[in-house]
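Undergrad: Below: sequence and its predicted model.
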Amino acid sequence: MRIEVAKKPDFINECNCALCGKSGARWSYFHPADIGVTGKTRGYRREDKDDPAAEIHFCERCGTTTHFTLTESAIARFGNVQMGVNMRLADEGDLAGIELR
């Protein structure tokens, strides 16, 4: 599987929720039109939320956390305005100088 982004992120977010912490993700946020995803992934939606806003995707081959998309209900409320990419997958040199929050 492969993810391509059209530009460097403004910042990288290290979320402290249990799901992100356990999956090892550091997110940068983009408009979905700026992201290209090829290959197969499996999705997971939190089961402890009545109406989760995000679906986390994992590489079907190796299990690595790759990205998240908004769920249908979140898109209905807010529009399809955000997608997250796990920046731990990027080359460190490409991320030099980008703020970690």
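TA: Good, I have the coordinates. Residues are numbered from 1 along each chain as shown.

Undergrad: packing partners for the helix or strand of the chain with the lowest mean pLDDT?
TA: Ranked by mean pLDDT, DSSP states H and E, the weakest helix or strand in the chain is helix 18-23, scoring a mean of 84. If contacts are counted by 3 or more Cβ pairs under 8 Å, 6 or more residues apart in numbering; DSSP states H and E, helix 18-23 sits against strand 54-59. The way it works is simple: take the backbone N, C-alpha and C, and place the C-beta from them, glycine included.

Undergrad: For the strand it packs on, list every residue counted as buried.
TA: A54, E55, I56, H57, F58, C59 (16 or more other Cβ atoms under 10 Å).

Undergrad: And those residues, which is closest to T38?
TA: Set against T38, the nearest of those by Cβ to Cβ is C59 (11.5 Å).

Undergrad: Quick check: the closest one touching L89?
TA: No: using Cβ atoms under 8 Å, C59 is not in contact with L89; the gap is 9.3 Å.

Undergrad: how close does G43 get to G97?
TA: Distance of G43 to G97, given as Cβ to Cβ, to the nearest Å: 32 Å.

Undergrad: Those two - which one has more neighbours?
TA: Neighbour count, other Cβ atoms under 10 Å: between G43 and G97, G43 has more, with 13 against 5.

Undergrad: nearest residue to that one other than its sequence neighbours?
TA: E55 (4.4 Å; Cβ to Cβ, 6 or more residues apart in numbering).

Undergrad: so who does that neighbour touch?
TA: Contact analysis of E55 by Cβ atoms under 8 Å, 6 or more residues apart in numbering lists G43, Y44, R45, F68, T69, L70, T71.
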